[in-house]
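Visitor: Let me see the structure of the following:
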Amino acid sequence: MAQLLSYFCNTTPIHEPIHMLLIATVDPILRSHLRQRLTEKGDSFQILEEGENIVDSVFCHQPSLVILDLYLTHPSGLAILRQLRAEGYAGQVVVLGGQSSQSLAPEATRLGALQIVGRPFSANQVLGAARVAKERLAIDRERLARNGI
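Guide: Residues are numbered from 1 along each chain as shown. Alright, predicted model coming up:
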């Protein structure tokens, strides 16, 4: 799969995830606000919308953090999370949920979602969740380095 993706991505496979954020949401206003804020901060990011191949983008770009909207429908956000985990994505995941997705929260957590941000939310709340996830990544990397892994 890595060879196939490197062909389509025009990159060599990355074994150590870079500090990149991949965001997939159905909300065009949130996408716009996040794009503006992340550009101002100089963060490396990719923002996808419904219908784009999110799973391929994750394995192509190897982001250390994925923010995934459970309101995605084709396929569903939860189906995307299941597929990411089944195919070996080990990065952090923050999910965007809401009232109608509360029944999905336990499975999202079981699949390793670090945080579930409920609707209504702002770009600040989503970026706050991303900051917590990045801090968690730094702690995990530090622990691995201490243990010589």
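
Visitor: Grab the nearest non-local neighbour of residue 75.
Guide: residue 83 (7.7 Å; C-beta to C-beta, 6 or more residues apart in numbering). Backbone N, C-alpha and C define where each C-beta goes, glycine included.

Visitor: I'd like to know how far residue 78 sits from residue 84.
Guide: From residue 78 across to residue 84, the span is 11 Å (C-beta to C-beta, to the nearest Å).

Visitor: Any idea what the most centrally placed residue in the chain is bridged to?
Guide: Nearest to the geometric centre of the chain sits residue 66, at 0.7 Å (C-alpha atoms, centre = their mean). Counting by DSSP bridges, residue 66 is bridged to residue 22, residue 93.

Visitor: thinking again about what came up before, isn't the residue nearest to residue 75 right next to residue 55, touching?
Guide: Yes: between residue 83 and residue 55 there is a contact under C-beta atoms under 8 Å: 5.3 Å.

Visitor: which one of the two has more residues nearby?
Guide: Comparing residue 83 with residue 55 by other C-beta atoms under 10 Å, the one with more neighbours is residue 55, at 17 against 14.

Visitor: The more buried one reaches residue 87, doesn't it?
Guide: Yes: Residue 55 is within contact range of residue 87, at 7.1 Å (criterion: C-beta under 8 Å).

Visitor: Check the contact lists of these two and give me the overlap.
Guide: Common neighbours of residue 55 and residue 87 are not found (criterion: C-beta atoms under 8 Å, 6 or more residues apart in numbering).

Visitor: Okay, now the unreliable bits of this structure?
Guide: Along the chain, the model assigns pLDDT under 70 to residues 1-19, 98-102, 149.

Visitor: Show me where it has its helices.
Guide: With DSSP state H, the ranges of helices along the chain come out as 2-9, 28-41, 54-61, 77-86, 105-110, 123-146.

Visitor: Relative to residue 94, which of these is closest?
Guide: Between residue 94 and the helices of the chain, the shortest separation by C-beta to C-beta is 4.6 Å, and it involves helix 123-146.

Visitor: Run the angle between the closest one and helix 28-41 for me.
Guide: With axes from the mean of the first three to the mean of the last three C-alpha atoms, to 10 degrees applied, the angle from helix 123-146 to helix 28-41 works out at 60 degrees.

Visitor: mind checking how far helix 123-146 is from the chain centre?
Guide: 12 Å (C-alpha atoms, centre = their mean, to the nearest Å).
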